[in-house]
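below is the structure, and that's it, no one-letter string:
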C-alpha cells in the first residue's frame, strides 16, 4: 500500500489517498464531482540508512587531493 497525493484542478481540493500500487488512479473529485482529480508528484518519504549508502559512507570523509589526470577539470582555467 502506498500514500498518493491528489489534487483537483477545478476546485483545488487536495487529499492523500492510501491505495495499492496496482489500483487505477482516481479521477473523480470527492468535493466537486468533476473528472479533474489528478495524482501529484511528490518526494519519497523514507531515508536509506546503513552500510552502502551515501549518508553513512561518504558524508563526512575529507576531500582527497587531486593530482592525477583522472580528476575532473578545474573551473579556474
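Arrived safely. Predicted model, so just to flag it, every value in this text is computed and none were measured. Residues are numbered from 1 along each chain as shown.

all helices of this structure, in order?
54-57 (DSSP state H).

what's the weakest-modelled helix or strand in it?
The weakest-scoring helix or strand in the chain, judged by mean pLDDT, DSSP states H and E, is helix 54-57 (a mean of 55).

thought residue 17 was touching residue 4?
Yes: at 5.3 Å, residue 17 counts as touching residue 4 under the criterion of C-beta atoms under 8 Å. Where C-beta positions appear, they are placed from N, C-alpha and C, glycine not excepted.

can you pull up the bridge partners for the spatially closest residue to residue 15 that is not a sequence neighbour?
What sits nearest to residue 15 in space, not counting adjacent residues and going by C-beta to C-beta, 6 or more residues apart in numbering, is residue 6, at 5.3 Å. For residue 6, the beta-bridge partners are residue 15, residue 39 (DSSP bridges).

what residues does residue 6 make contact with?
Residue 6 is in contact with 14, 15, 16, 17, 26, 37, 38, 39, 40, counting by C-beta atoms under 8 Å, 6 or more residues apart in numbering.

distance of the third one relative to residue 42?
Residue 16 sits 9 Å away from residue 42 when distances are taken as C-beta to C-beta, to the nearest Å.

where in this structure is pLDDT low?
Within the chain, the ranges that satisfy pLDDT under 70 run 50-77.

related to what we said a few turns ago, what's the separation between the residue nearest to residue 15 and residue 45?
Counting by C-beta to C-beta, the gap from residue 6 to residue 45 is 16 Å.

pull out the buried residues from stretch 20-33.
26, 29 (16 or more other C-beta atoms under 10 Å).

who's in contact with it?
1-2, 4, 6, 8, 10-11, 13, 15, 17, 19, 34-39.

out of those, which are buried?
4, 6, 8, 13, 37.

leaving out the residues flanking it, which one is nearest to the fourth one?
Spelled out, that is residue 13. Here the residue nearest residue 13, using C-beta to C-beta, 6+ apart, is residue 31, at 4.1 Å.

same thing with the third one?
Of all residues not flanking residue 8 in the chain, residue 29 sits nearest, at 4.0 Å (C-beta to C-beta, 6+ apart).

next one: the last one
Spatially, and ignoring its direct neighbours in sequence, residue 37 is nearest to residue 29 (4.3 Å; C-beta to C-beta, 6+ apart).
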